[in-house]
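Enquirer: next input, structure requested:
(2 chains)
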Amino acid sequence: MYRKQVRRRRAVLVLLVIVSLVLLSSHFSEGSSGPLHAIQRGLATILAPIEEGADRALKPARDLVGWFDDTFDARGENESLKTEVQDLRERIVAAEAATKENEQLRGLLKLGEGGGIAGFESVTARVIGRSPTVWYSTVTLDRGSSSQLAVDDPVVTGDGLVGRVTETTAGTAQVTLITDHRSAVSATAVPDGPSGVVKPEVGDPQDLLLDFIENESQVREGQTVVTAGWTSGRLSSAFPYGIPVGRVTEATIGEQETYARVHVEPFADVRDLDFVQVLTTAGAADGASADIGAEG
Amino acid sequence: MIITPKIVLRLALLMLVAVVVQLAFFSRISLLGASPNVLPVVVVCLGLLGGAVVGAVCGFAVGFLLDSALLQTLGVSSLVLLTAGYLAGRYRESFDVTSPLIAPALAGSLTLLASAGFAAVQLMLGVESPVSLLVLRELVMQAIFGLLLAFPVYPLVRRVLSPALVEDTPRRGRLPIPFRTA
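Expert: Predicted coordinates:
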């Protein structure tokens, strides 16, 4: 009897491990229209309203925990914020002059008004889920393809770039964050800075790396990094030019290295996202895009 | 554990609630720079109460539900959580759960194992970026959160499954506490 139980237990374990491995490899090898993806999207669609309800119901509790955590952090932040305010005052003066110049140039080029990004429409979405791993990889939104969201759409907050849409169902969308290990965003340091690729330092949501920039390039601490928004024939970056990504915190250049590695602190806090804006290209551009993720 | 259709329904509801609460609450809060993960804790509790088979099956189901809700690679979370559930169940089948501290201690250590296992699977699948040392801090923090969460979660899971639980009497040859023979 006991031997039979042991055999059954082992059989269940082996079966489940095999099923997991088959799921894993099949999910990787099949296309996004494959049966496993379809089942997954179906389940995600069913779960979305439950998640959304729970998200709203649990918001007060989240805010309470957030308040305790913020209070704990506030003491240490106070000093650094004072320094930052000083720095920002100086920047405001420079920015005001730049804004005036920008308005004049916009008028000349007849670009879209209202601070939006030309060629994109923004859709506001609520974050209803987040991956529980240490990799800060994905969040789930309560809007999907029925709200014109599509794969590769950039996702931003008022602070800056958050990531891009990598999967959609009718009512939800998965956003791969810029802190995910698959993320790579072509970006440039402004003003007059070099271009490179912003990659995450996996596991640290407060640190990104501006990689693949020439060793001779001059990058200063405090410079702002924005998306580069390149175009090459029919191919174009998933991100338009000018979305703020973060601020340069450290530039280290190894003597033996061909490329400099610059640390960038992202403007958007990916750990604390409630609402985001998805920049949709529905009906706008038809060019293929290639930027972050496995597409390289 | 006596498995009846009603208990299966309770288990399914418990797992669904755990996944939804994880996604909508625990994953979205940050305490001391880390987010708690209640799912390994629930799976460990189910393994401790139901045995290795229940633990493994529930771990697999919770992982599948999580990967589906997040539209991420199927099978990764299932593999990790079924291992945690199975090990918790094997513990219960090999030793007596005599101390109230066993569930938290096991939840903490198996949460660490699950988080490290997930990280290892991700690394095997290919991580093209440098990995920060902060990952280690987060793994440890998740283990501590797992330990603390087990204090309320274990009695709660026990209460939900109480109609199916059979009071265990120590068998001959069964070790009352771990490593007693050592």
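
Enquirer: can we go C-alpha only for contacts and neighbour counts from here?
Expert: Noted.

Enquirer: residues in contact with the residue nearest the centre of chain B?
Expert: Taking CA atoms, centre = their mean as the criterion, B:P40 is the residue nearest the geometric centre of chain B, at 2.6 Å. Shown in contact with B:P40 (CA atoms under 8 Å, 6 or more residues apart in numbering or on different chains): B:G59, B:L81, B:A84, B:G85, B:A107, B:L110, B:T111, B:A114, B:G146.

Enquirer: on the three-state scheme, the residue nearest to A:P194 when sequence neighbours are not counted is what?
Expert: What sits nearest to A:P194 in space, not counting adjacent residues and going by CA to CA, 6 or more residues apart in numbering or on different chains, is A:T188, at 5.7 Å. Of the three states, A:T188 takes strand under DSSP: H, G, I helix; E, B strand; the rest coil.

Enquirer: that older thread, any chance of TSV for the contacts of B:P40, columns neighbour count?
Expert: Converted to TSV, those look like this (neighbours: other CA atoms under 10 Å in any protein chain shown):
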residue	neighbour count
B:G59	31
B:L81	35
B:A84	31
B:G85	34
B:A107	33
B:L110	26
B:T111	32
B:A114	26
B:G146	28
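
Enquirer: in helices, which of the residues you listed fall?
Expert: Residues of the contacts of B:P40 located in helices (DSSP state H): B:G59, B:L81, B:A84, B:G85, B:A107, B:L110, B:T111, B:A114, B:G146.

Enquirer: and of these, the nearest to A:P244?
Expert: For the ones in helices among the contacts of B:P40, the closest approach to A:P244 (CA to CA) belongs to B:A114, at 35.6 Å.

Enquirer: pretty sure the closest one is touching B:V80, no?
Expert: Yes - contact criterion CA atoms under 8 Å: B:A114 and B:V80 qualify, at 5.5 Å.

Enquirer: helix or strand right after the helix or strand harbouring A:L47?
Expert: Using DSSP states H and E, A:L47 falls within helix A:35-57. Sequence-wise, the next helix or strand downstream of helix A:35-57 (DSSP H and E) is helix A:59-109.

Enquirer: I'd like the average pLDDT over that next one.
Expert: Mean per-residue pLDDT for helix A:59-109: 74.

Enquirer: ramachandran angles for B:S132?
Expert: Per-residue torsions, B:S132: phi -70, psi 150 (degrees, to the nearest 10).

Enquirer: also the one 5 residues further on?
Expert: The phi and psi torsions at B:R137 (degrees, to the nearest 10) take the values phi -60, psi -40.

Enquirer: contacts only, for it.
Expert: Neighbours of B:R137 in contact, by CA under 8 Å, 6+ apart: none.

Enquirer: again, only this time at 10 Å
Expert: Residues near B:R137 by CA atoms under 10 Å, 6 or more residues apart in numbering or on different chains: A:V134, A:G203, B:G33, B:A34, B:A143.

Enquirer: confidence score at the third one?
Expert: Confidence at B:G33, expressed as pLDDT, is 77.

Enquirer: and the first one, by the same measure?
Expert: Residue-level confidence at A:V134 comes out at 63, pLDDT.

Enquirer: thinking again about what came up before, need the overlap of contacts for B:A114 and B:V80.
Expert: Joint contacts of B:A114 and B:V80 (CA under 10 Å, 6+ apart) are B:P40, B:A120.

Enquirer: now B:G51. Nearest residue, chain neighbours left out?
Expert: B:G89 (3.9 Å).

Enquirer: scratch that, A:V278
Expert: Nearest one to A:V278, counting by CA to CA, 6+ apart, is A:V155 at 4.5 Å.

Enquirer: looking at this, the one you found is in a strand?
Expert: Yes - counting by three-state DSSP, A:V155 falls inside a strand.

Enquirer: can you give me the neighbour number for it?
Expert: Per other CA atoms under 10 Å in any protein chain shown, the neighbour tally for A:V155 reads 26.

Enquirer: swap in B:S68?
Expert: 23.
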